[in-house]
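**Q** next comes the sequence, and after it the predicted model I'd like to discuss.
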Amino acid sequence: MQPATVLTIAGSDSGGGAGLQADLKAFALNGVFGTSVVTVLTAQNSAEIRAIEKVPAAFVTAQLDAVLADLPVAAVKTGMLASEETVRAVAGYAPRLPNLVVDPVLVNSDGVQLFPSTVDSAYLEGLFPHAAVITPNLREASLLTGRKIISDDDMAAAATELAATGAGCVVVKGGGRPGIEAVDAVWHEGSVRFLRSPWVGTRNNHGTGCTFAATTAALLAQRVPVQDALDRAKRYVQAALERGAAWQIGSGHGPLGWPTATDH
Ligand SMILES: Nc1ncnc2c1ncn2[C@@H]1O[C@H](COP(=O)(O)OP(=O)(O)O)[C@@H](O)[C@H]1O
Ligand SMILES: Cc1ncc(COP(=O)(O)O)c(N)n1
């Protein structure tokens, strides 16, 4: 038996906690072979993103052509695409990208918008209609819908509104709303349900969103049905947070740990 191949189209996090470094780690720990198309380089650590250098869209597509010409990609995750050109270029390939999980990275951890709003519309019109799953966090869902999102009902309403883009499944992630539980809203086939797990009290949450989306893609590549994949990705993130909870790597938000197979 050989592993399924999965592709991440994402940015590099020099600090190692998020971006394609987190994706490749989640791929390996979820049993798939990871390939990576790099969209941006970030000068980043556990505390901040200091600078972003975009890879030209033409070189993003050159990487995509090289991977797709040779490797049996069974699922794709997108992360920080960073420019309208790159979002639209990836959207042009989307009909050929199976099990596409789109994690729209649009704001930094302080909630500040990272890119011009033309990037948001390229996601809404170009990429979401082709996605099997989209995974905005609270702030991104708020930015994309213009809604204030405070309650579970607000999350459900935002997920339903984003489903109108044509995405197969919408997850509004609630990591930005600490509580007793970490709650995410999932729209699928016309109804909304909630994913709930115990809140893990730790500062080491750099890469939770990347890890959730990458794990979902890894499971879809292994033919796990989408709702099961989301339940399992949620448990994986919880276990990864628990494993790294006491680490002190960096002065800011440290990385997630490595769950063992029996953890999740
Ligand atoms: N401290 C935490 N304890 C448990 N689950 C968490 C915690 N922080 C985030 N999560 C979960 O991690 C996943 C990623 O969500 P989130 O952190 O909102 O994404 P992003 O990194 O894109 O902001 C979601 O399933 C969310 O509920
Ligand atoms: C290159 C890159 N991509 C994505 C994120 C978001 O990370 P998170 O998973 O913590 O939302 C990041 N900080 N850097």
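**A** Nice, thanks for sending it over. Since the structure is predicted, the reported quantities are computational estimates derived from the model, not experimental observations. Residues are numbered from 1 along each chain as shown. Ligands and ions are numbered 1, 2, ... in the order given.
**Q** only C-alpha atoms from now on, for both contacts and neighbour counts.
**A** Fine.
**Q** this protein: strands as residue ranges?
**A** Per DSSP state E, the chain carries strands over the ranges 5-13, 33-44, 49-54, 73-78, 100-102, 133-134, 169-172, 181-188, 191-198.
**Q** so which residues on the stretch 1-150 of the chain come close to ligand 1?
**A** By the rule C-alpha under 6 Å from any ligand atom, the part of the stretch 1-150 of the chain lying against ligand 1 is Asn137.
**Q** export the strands of the chain to a markdown table and tack on distance to Ser121?
**A** Converted to a markdown table, the strands of the chain look like this (distance: least, C-alpha to C-alpha, whole Å):
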| stretch | distance to Ser121 |
| --- | --- |
| strand 5-13 | 19 |
| strand 33-44 | 18 |
| strand 49-54 | 19 |
| strand 73-78 | 16 |
| strand 100-102 | 14 |
| strand 133-134 | 14 |
| strand 169-172 | 17 |
| strand 181-188 | 21 |
| strand 191-198 | 24 |
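**Q** save those strands as JSON lines, and put in mean neighbour count and distance to Phe115 too.
**A** Written out in JSON lines, the entries for the strands of the chain read as follows (neighbours: other C-alpha atoms under 10 Å; distance: least, C-alpha to C-alpha, whole Å):
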{"stretch": "strand 5-13", "mean neighbour count": "26", "distance to Phe115": "14"}
{"stretch": "strand 33-44", "mean neighbour count": "21", "distance to Phe115": "13"}
{"stretch": "strand 49-54", "mean neighbour count": "14", "distance to Phe115": "11"}
{"stretch": "strand 73-78", "mean neighbour count": "26", "distance to Phe115": "16"}
{"stretch": "strand 100-102", "mean neighbour count": "30", "distance to Phe115": "17"}
{"stretch": "strand 133-134", "mean neighbour count": "28", "distance to Phe115": "18"}
{"stretch": "strand 169-172", "mean neighbour count": "29", "distance to Phe115": "20"}
{"stretch": "strand 181-188", "mean neighbour count": "22", "distance to Phe115": "25"}
{"stretch": "strand 191-198", "mean neighbour count": "15", "distance to Phe115": "29"}
